[in-house]
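**Student:** Predicted model follows, preceded by the sequence.
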Amino acid sequence: MYNMRTATIREVQHNLSEVLSWVERGEEVRVLRRKKVVARLLPPEVGTVTSPDFVARAKAVWGDNPPGARLSQLVSEARGDR
């Protein structure tokens, strides 16, 4: 089983990076307001965090050849003579 810590809302606000480091180490953090638990911070389950596949999503919406100008062309035009 994992360890459990408690922190007040104020402690979380002022020491968020430290609290998140506890969570990264696998600890559960219970957040308290006036000695009452109002939230729990838990580490993610193994394998549940994935990056979205933006290329596949774009292809699903626009196909292999989206309409309009290429992004590099639009950026170049926006920059002008800079």
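**Tutor:** Now that the structure is in, tell me what you want to look at. Residues are numbered from 1 along each chain as shown.

**Student:** packing partners for the helix or strand that contains Leu20?
**Tutor:** Per DSSP states H and E: Leu20 is located in helix 16-24. Applying 3 or more Cβ pairs under 8 Å, 6 or more residues apart in numbering; DSSP states H and E, we find helix 16-24 packed against strand 28-33, strand 36-41. To be clear about C-beta, it is placed using only N, CA and C from the backbone, and glycine gets the same treatment.

**Student:** could the ones you listed go into CSV alongside mean neighbour count and distance to Phe54?
**Tutor:** Output for the helices and strands packed on helix 16-24, formatted as CSV (neighbours: other Cβ atoms under 10 Å; distance: least, Cβ to Cβ, whole Å):
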stretch, mean neighbour count, distance to Phe54
strand 28-33, 16, 32
strand 36-41, 11, 28
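
**Student:** Take those and write them to a markdown table, including distance to His14 and mean pLDDT.
**Tutor:** Shown next, in a markdown table, are the helices and strands packed on helix 16-24 (distance: least, Cβ to Cβ, whole Å; pLDDT from 0 to 100):
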| stretch | distance to His14 | mean pLDDT |
| --- | --- | --- |
| strand 28-33 | 13 | 96 |
| strand 36-41 | 15 | 96 |
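
**Student:** List just the one of these that sits closest to Ala78.
**Tutor:** strand 36-41 (41.4 Å; Cβ to Cβ).

**Student:** That concludes my questions; thank you for your assistance.
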